[in-house]
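K.L.:
would you be able to build a 3D model of this:
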Amino acid sequence: MARKKNGRLRLRLVGVVLLLALAGSGWAWWHLAGWTPSRTEFPVQGVEVGGEDGPVDWVALKAVGADFAYLDASASAFARDPQFVENLEGAKAAKLQWGAVHRYDPCQPADKQAANFVTVVPRDSAMLPAAVWLDQLADDCPIKVSDAAVESELTTFLNQIETHTGKAAILKVSRSFERRYKIAARVDRNVWLEQLRFQPDYAGRPWALWTANDRLSVPALTGGVRWVVVQP
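P.N.:
This next block holds a predicted model:
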């Protein structure tokens with residue numbers, strides 16, 4: 001009889017623990033859906049958007065506090081974001097500063113990727129430094145690419161797009177890419193890091209931009225917004 005009571009007690013305790021865990025995760029989701037870093041600490045804040053985010057209400061986005069927008073523009077040697085032109089027009093109409101993002105592919109030649117970028121992104125002295133998103137590793141490339149080649153091709157790509165934009169680019173580096181290539185120490189550019197809620201330090205040096213929340217809920221977009229802040 002005592003064993004049966006103990007078994008029921010254990011089941012009840014497990015149920016209570018599960019309910020508390022669910023409540024905690026629900027609170028965390030709710031908190032992150034509305035959380036942005038303090039404006040006192042980080043006065044300049046903005047977003048990164050692309051075609052996957054759907055239509056953007058740019059006036060509403062500016063109203064919730066976006067000062068700038070980085071727009072997904074191109075990827076690899078041929079891919080282009082289908083919403084880039086529309087997003088660019090919307091950001092400009094809302095008088096937001098804007099920049100373009102290229103998702104870099106270490107499997108493709110630098111010159112082809114640069115040609116793709118400069119075809120998509122107009123030359124505009126008012127644009128923010130271009131961002132090069134580094135998250136794809138070369139380990140799965142059809143033809144083997146050495147670590148040295150990843151670095152040298154990336155440098156070639158940067159030189160070519162910087163000639164087009166007239167500004168030094170910024171490296172948007174994922175944790176896995178940095179762990180694999182230690183690129184922040186090898187390529188002298190400002191870095192844009194990603195970490196939910198807490199400031200990232202995985203590049204080994206200060207960040208210039210930080211994706212602080214990739215699931216912010218705002219009326220301007222149907223999905224979660226990638227909210228970005230600038231180092232003051």
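
K.L.:
contacts, neighbours, all on C-alpha from now
P.N.:
Fine.

K.L.:
check contacts around Trp210.
P.N.:
192-195, 199-200, 228-231 (C-alpha atoms under 8 Å, 6 or more residues apart in numbering).

K.L.:
so Asp214 is in which element?
P.N.:
strand 209-216 (DSSP states H and E).

K.L.:
note down every partner strand of that strand and its orientation.
P.N.:
The partner list of strand 209-216 in its sheet, established with DSSP bridges, is strand 190-194 (parallel), strand 225-230 (antiparallel).

K.L.:
name the helices or strands packed onto whichever strand or helix holds Ala69?
P.N.:
Here Ala69 sits within strand 68-75, counting by DSSP H and E. Applying 3 or more C-alpha pairs under 8 Å, 6 or more residues apart in numbering; DSSP states H and E, one finds that strand 68-75 contacts strand 45-49, helix 84-93, strand 97-103, helix 110-120.

K.L.:
same list (these) but as TSV, adding mean neighbour count.
P.N.:
Converted to TSV, the helices and strands packed on strand 68-75 look like this (neighbours: other C-alpha atoms under 10 Å):
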stretch	mean neighbour count
strand 45-49	23
helix 84-93	17
strand 97-103	23
helix 110-120	19
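
K.L.:
what does the domain assignment say about this structure?
P.N.:
1-33, 39-230 (automatic domain parsing).

K.L.:
which ones are touching Ala114?
P.N.:
Counted by C-alpha under 8 Å, 6+ apart, Ala114 has contacts 77, 157, 160-161.

K.L.:
give me the pLDDT for it.
P.N.:
Confidence at Ala114, expressed as pLDDT, is 98.
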